[in-house]
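# Here is my input; please provide its structure:
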Amino acid sequence: MPPETVLARLRKICLALPAATEKLTWGHPTFQTGGKTFAVYEQYKGEWSIVVKVGREHQALFLADARFYKTPYIGDKGWVSLRVAGKLDWREIRELAAASHRLVNAAAKKR
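The predicted structure follows:
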């Protein structure tokens, strides 16, 4: 699937979430809620990925799946990247984005 098509579908999913916005951060489309990032579409070392927060306690479950890798720079904070090469499960991506949105909102409320 072309990168632009993946972004269009991801954008539709993310912007449907409550108070979600999009901005360009470090050259990547970044989806935020309350000014905090919950999803990113980026190319790292030539590979396109969707970045979401899963939390440190669940990160190992995702990293056991070869489709995921620890997100550079922020992976230690519970972020994973989903490779978009190959067939994508858009229901799964919708669930990942929604869960990341909830995690980011919950963390913001604790501050």
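# What's the first helix or strand after the longest strand along the chain?
If you go by DSSP state E, the chain has its longest strand at strand 36-44. Remark: after strand 36-44, the chain's next helix or strand is strand 47-53, criterion DSSP states H and E.
# now that next one, how far from the centre of its chain.
5 Å (CA atoms, centre = their mean, to the nearest Å).
# So which bits of it are buried?
48-53 (16 or more other CB atoms under 10 Å). From N, CA and C alone the C-beta is placed, and that goes for glycine too.
# which residues touch the longest strand of the chain?
Contact with strand 36-44 is made by 3, 6-7, 10, 14, 17, 20, 25, 28-32, 48-53, 72, 81, 97, 100-101, 103-105, 107-108, as judged by CB atoms under 8 Å, 6 or more residues apart in numbering.
# Show me what counts as buried in that strand.
Across strand 36-44, burial judged by 16+ other CB under 10 Å covers 37-42.
# which outside residues touch stretch 58-70?
49, 54, 75-76, 78-83, 86.
# let's see 6 Å
54, 78, 80-83 (CB atoms under 6 Å, 6 or more residues apart in numbering).
# again with stretch 16-33
Contacts of stretch 16-33 (CB under 6 Å, 6+ apart): 14, 37-42, 101, 104-105.
# What's the end-to-end length of that stretch?
Chord length of stretch 16-33, first to last residue, is 11 Å (CA to CA, to the nearest Å).
# Which residues in that stretch does the neighbour count mark as buried?
In stretch 16-33, counting by 16+ other CB under 10 Å, buried: 17, 20, 22, 29-33.
# Can you pick out the ones from the residues you listed that are in strands?
20, 22, 29-33.
# Tell me which two in the residues you listed are the farthest apart.
Greatest spatial distance among those (CB to CB): Pro29 and Thr33, at 14.7 Å.
# The protein: helices as residue ranges?
Here the chain has its helices, by DSSP state H, at 3-15, 56-63, 90-110.
# Reformat the contacts of stretch 16-33 as CSV; add distance to Glu92 and pLDDT.
As requested, these are exported to CSV (distance: CB to CB, whole Å; pLDDT from 0 to 100):
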residue, distance to Glu92, pLDDT
Cys14, 14, 98
Thr37, 20, 96
Phe38, 16, 97
Ala39, 13, 98
Val40, 17, 98
Tyr41, 16, 98
Glu42, 18, 96
His101, 15, 97
Val104, 19, 93
Asn105, 20, 86
